[in-house]
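# mind folding the following:
(one chain, ligands or ions: 4)
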Amino acid sequence: MAYLFIPLIILFLFHHAVTLIPPKFQWKTMDFAWKGSERESAITNGSYVPVHNMPTGLARWKDKLFITIPRWKTGIPASLNYVYLNGTQDAPLHPYPNWQEGCLAQNGSVVSNRTVVSTFRVNVDKCDRLWVVDNGVSDMSMDVKQVTQPSVLVFNLKTDELIKKFVLDENVLRDSSVLTSIAVEIVGKNCAKSYAYITDMGSNAIIVYSMDDNDAWRVENHYFHFDPHAGVYKVGGIDFYWSDGVSSGTLSQPKKDGYCDLYLHPTSSTKQFRMSTRLLRNKDAPKEDIFNGVEIIGDRGPNSQATSCDIDPSTNVLFYTQVCKNGLGCWNLNKQFNDANTPLILSDCNLMEFPNDVKADREGNLWILSDRQSRFLYEAMDFDQVNFRVLTAPTATLIQGTACEKRSFFSRISDTMVKVR
Ligand SMILES: *[C@@H]1O[C@H](CO)[C@@H](O)[C@H](O)[C@H]1NC(C)=O
Ligand SMILES: *[C@@H]1O[C@H](CO)[C@@H](O)[C@H](O)[C@H]1NC(C)=O
Ligand SMILES: *[C@@H]1O[C@H](CO)[C@@H](O)[C@H](O)[C@H]1NC(C)=O
Ligand SMILES: *[C@@H]1O[C@H](CO)[C@@H](O)[C@H](O)[C@H]1NC(C)=O
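Ligands and ions are numbered 1, 2, ... in the order given. Below you'll find the predicted structure:
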């Protein structure tokens, strides 16, 4: 049997020769598009501490690339920012929606209902809206302050107006809540009929927000918790232990029944899960249905923890970060979920040290953010080096010749081989 696999392995190496893509943006420290002498005065008064700014999320809309910086520490001018795509490689950040409302007031409170206090990840939908889940806290790692109530904010990207703000209250939150991502489902062609699925990594839940009903509810399941077998990490030479629950979700295209599947995973897990929005959208779904409603699709194997995932609608491929492998993995939704069909397609211990977020845009491009988070949190970062990078490439190019490509020669033989075995 073994000799049969030799050509396969050669083919495998050949096809999976990891593509290197040059960074579109890269920064040693995150800096902003200050006016005049504001930068110096912001550093002097402590409202900007360059080495405290670490980005964790990204999302592209037209000529803007949104970059989010949670308020782990003090000195974060703005949590929600963007750079222009035509900018230089170290393009400066612009607070969103503007300097005035993107930053906190001098007394540390919000300036208006458009001020985002602290967000990890955001999402752009096909109705040109930006969805933000704001934790509302500052100074998370030292002396946590609840600046404002956690909420969902929806912006019209064409006008930068706030369409909606929904406060998440104690009915859906817990003391340990940490809201890390937001996936958006639009029912039919009606943009007003939208649902957001928010992952609460800190208290192991999905919070569903219905825009139409202006209501939110909490969904719990054992699979939203961390897996004790997957709590050990080593990234950038640093060992650490995380017990993080469900941290990222992404939606399939609508199925025949009109509902999508939410693909989700806890951070400290190597498994991929799926749940129909038929259950999630039903506020009164029986407990038993919710309990049985999560399906395990498969296991990605050892050291395959992911912080973030996203489905590219143009190829129907799920992309996910591979934190301990400094890389990116993928799976074509039309194929069986197994080792052969979930390849590591990018990996580079320099360019991709701690890949934190991944997003497909509406034009078939993938965007990846790497941020050396383990050094930032557990050791000193060297700010003379490049620490933060944004990589981008067309999804079709990234999966070319891999098992994630549609009906590729490779995947057909490997599927056959699996059957033969
Ligand atoms: C610090 O300086 C910046 C830039 O001049 C200013 O926008 C900000 O309001 C100041 N913050 C405080 C807390 O004084
Ligand atoms: C980059 O794009 C922005 C927004 O589209 C525009 O305002 C700006 O002038 C452009 N800059 C350059 C250097 O082309
Ligand atoms: C903070 O300052 C703003 C004006 O910049 C004011 O409207 C608000 O009431 C102040 N909040 C507190 C808690 O002092
Ligand atoms: C935001 O605040 C403005 C001014 O107070 C108000 O007119 C607007 O309705 C608010 N928007 C939302 C979506 O709450």
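
# okay, now Gly293: neighbour count?
Using other C-beta atoms under 10 Å, Gly293 has 18 other residues around it. No exception for glycine: its C-beta is placed from N, CA and C like everyone else's.

# got the contact list for it?
Gly293 sits next to 221, 275-276, 279, 285 when contact means C-beta atoms under 8 Å, 6 or more residues apart in numbering.

# what about the strands in the stretch 51-200 of the chain?
57-61, 64-68, 80-84, 94-95, 122-124, 129-134, 137-138, 145-146, 151-156, 161-167, 179-186, 194-200 (DSSP state E, counting those that start in this stretch).

# quick one: mean pLDDT for the longest one?
Right, the one you point to is strand 179-186. For strand 179-186, mean pLDDT is 98.

# again, but for the fifth one
Per-residue pLDDT values across strand 122-124 average out to 98.

# and what of the last one?
The predicted model gives strand 194-200 an average pLDDT of 98.

# what are the phi and psi values for Glu288?
phi -70, psi -40 (degrees, to the nearest 10).

# what's the neighbour count on Asp289?
By other C-beta under 10 Å, neighbour count at Asp289 equals 11.

# repeat that for Phe273.
The burial count for Phe273: 21, using other C-beta under 10 Å.

# could you pull up phi and psi at it?
Torsion angles, degrees, to the nearest 10, at Phe273: phi -120, psi 160.

# on that earlier part again, of the contacts of Gly293, which ones also sit close to ligand 4?
With C-beta under 6 Å from any ligand atom as the criterion, the contacts of Gly293 include none near ligand 4.

# can you lay out these as TSV showing pLDDT and secondary structure?
Listed next are the contacts of Gly293 as TSV, based on pLDDT from 0 to 100; DSSP: H, G, I helix; E, B strand; the rest coil:
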residue	pLDDT	secondary structure
Asn221	98	coil
Met275	98	strand
Ser276	98	strand
Leu279	98	helix
Ala285	97	coil
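
# and these, which is closest to ligand 1?
Nearest to ligand 1, judged by C-beta to the nearest ligand atom, of the contacts of Gly293 is Asn221 at 42.8 Å.

# hmm, Phe291 and that closest one touching each other?
Yes: assessed by C-beta atoms under 8 Å, Asn221 is found in contact with Phe291 at 6.7 Å.

# sorry, back to before: among the strands of the stretch 51-200 of the chain, which is nearest Thr395?
Checking the strands of the stretch 51-200 of the chain against Thr395 by C-beta to C-beta gives strand 57-61 as the closest, at 12.6 Å.

# does the closest one reach ligand 2?
No: under the criterion of C-beta under 6 Å from any ligand atom, strand 57-61 makes no contact with ligand 2; the nearest approach is 11.7 Å.

# next, the angle from that strand to strand 64-68.
160 degrees (axes from the mean of the first three to the mean of the last three C-alpha atoms, to 10 degrees).

# which residues of the stretch 51-200 of the chain lie near ligand 3?
Counting by C-beta under 6 Å from any ligand atom, the stretch 51-200 of the chain sits next to ligand 3 at 105, 107, 109.

# repeat the analysis, applying 8 Å as the threshold.
105-109, 111 (C-beta under 8 Å from any ligand atom).

# distance to ligand 1 added to those, as a markdown table?
Converted to a markdown table, those look like this (distance: C-beta to the nearest ligand atom, whole Å):
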| residue | distance to ligand 1 |
| --- | --- |
| Ala105 | 8 |
| Gln106 | 4 |
| Asn107 | 8 |
| Gly108 | 8 |
| Ser109 | 11 |
| Val111 | 10 |
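
# related to what we said a few turns ago, the strands of the stretch 51-200 of the chain: which one's closest to Asp244?
strand 179-186 (8.5 Å).

# the closest one: which residues count as buried?
In terms of neighbour count (16 or more other C-beta atoms under 10 Å), strand 179-186 has its buried residues at 179-186.

# please report how far Asp227 lies from Val246.
To Val246, Asp227 is 11 Å away according to C-beta to C-beta, to the nearest Å.

# ok, these two, which is more surrounded?
Between Asp227 and Val246, counting by other C-beta under 10 Å, Val246 is the more crowded of the two (28 against 18).
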